[in-house]
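>>> sequence first, predicted model second:
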Amino acid sequence: MSILSNIKSVVVLPLTVSIAVITSACTATLTPEQQTFREEYLAAKKDYAVSGKLGIFDEKVKTSTLLNISVSRPDYTIYVSGITGTTLLKIRKTTSLTEITDDKGNIHTGSNAEELVYNLTGFHIPCDSLPDIVTGIPGNNPAHYRDDGTIESIEFSEFTVNYKNYMEVNGILLPKKIDIKGNNFLLRIAVNKWEI
């Protein structure tokens, strides 16, 4: 059975049910100076972790998994697991190597995380961009801001990231609900916990 089949069979809850447990959005307003400080602070932050739900939608599949991202810049680890906690994918990226452990414990290595994930699962997951995407750091990418000063969207070459709402953690606004939309896929991240 392929990883794609296992992801489909392990996940039994529809995304709309799993996201319904997420609490309401933070309604803060940021001045341009506060937003600049926020981005600089988060860009300089070396270690953080985020956990929540990941919805995956494409022409073949609509499913929900658990997502955990642990960052120690420039390295990161992404865990994708079923609702019951069964590991479906573990993606570990260092400066010299990408290592993916599949649901059978097999290890696949290479230099390009996105390509490895796509070859194994058929899913487009922008692994190398996720550490910046989850924090809402545009870097050199074009960003659009709301009237309240928060980032509404960031344009990447192959996808657009939309930030639906935020939560406040230790005085810093962090994304809570994120949509990553490409030509033939949609990833929906609903964050329930930040460690920063």
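Right, received. Where do you want to start?
>>> and the lengthiest helix in the chain, which residues are buried?
Across the chain, the helix with the greatest residue count (assigned by DSSP state H) is helix 32-44. By neighbour count on 16 or more other CB atoms under 10 Å, the buried set for helix 32-44 is Q35, R38, E39, L42. Backbone N, C-alpha and C define where each C-beta goes, glycine included.
>>> pick the one among those closest to L187.
The shortest approach to L187 among the buried residues of helix 32-44 belongs to L42, at 20.3 Å (CB to CB).
>>> can you check the pLDDT for the residue nearest to the closest one when sequence neighbours are not counted?
In this structure, L42 finds its nearest non-sequential neighbour in T135, 4.5 Å apart by CB to CB, 6 or more residues apart in numbering. Per-residue pLDDT puts T135 at 94.
>>> that older thread, mean confidence (pLDDT) on the longest helix of the chain, please.
Per-residue scores along helix 32-44 average to 88.
>>> lowest confidence element among the helices and strands of this structure?
Of all helical and strand segments in the chain, the minimum by mean pLDDT, DSSP states H and E falls on helix 15-19, at a mean of 32.
>>> got any ranges where this structure has weak pLDDT?
1-28 (pLDDT under 70).
>>> okay, helices next: where are they in this protein?
3-10, 15-19, 32-44, 113-121, 130-135.
>>> next, count neighbours for the residue nearest to P74 when sequence neighbours are not counted.
Excluding the flanking residues, the one nearest P74 by CB to CB, 6+ apart is T95, at 5.7 Å. Other residues lying near T95 total 6 when counted by other CB atoms under 10 Å.
>>> one more: T65?
Neighbour count for T65, taken as other CB under 10 Å: 22.
>>> surely it meets L88?
Yes: checked against CB atoms under 8 Å, the pair T65 and L88 is within contact range at 6.4 Å.
>>> quick check: the residue lying closest to Y118 once chain neighbours are set aside vs N68, distance?
Nearest residue to Y118, sequence neighbours excluded (CB to CB, 6+ apart): H124, at 6.1 Å. Using CB to CB, to the nearest Å, we find H124 at a distance of 20 Å from N68.
>>> now V80
8 Å.
>>> higher neighbour count, those two?
A side-by-side neighbour count of V80 and N68, using other CB under 10 Å, places V80 first with 23 against 16.
>>> just give me the neighbour total for N106.
Residues near N106, counting by other CB under 10 Å: 10.
>>> ok, now how distant is it from I69?
For N106, the distance to I69 - CB to CB - is 22 Å.
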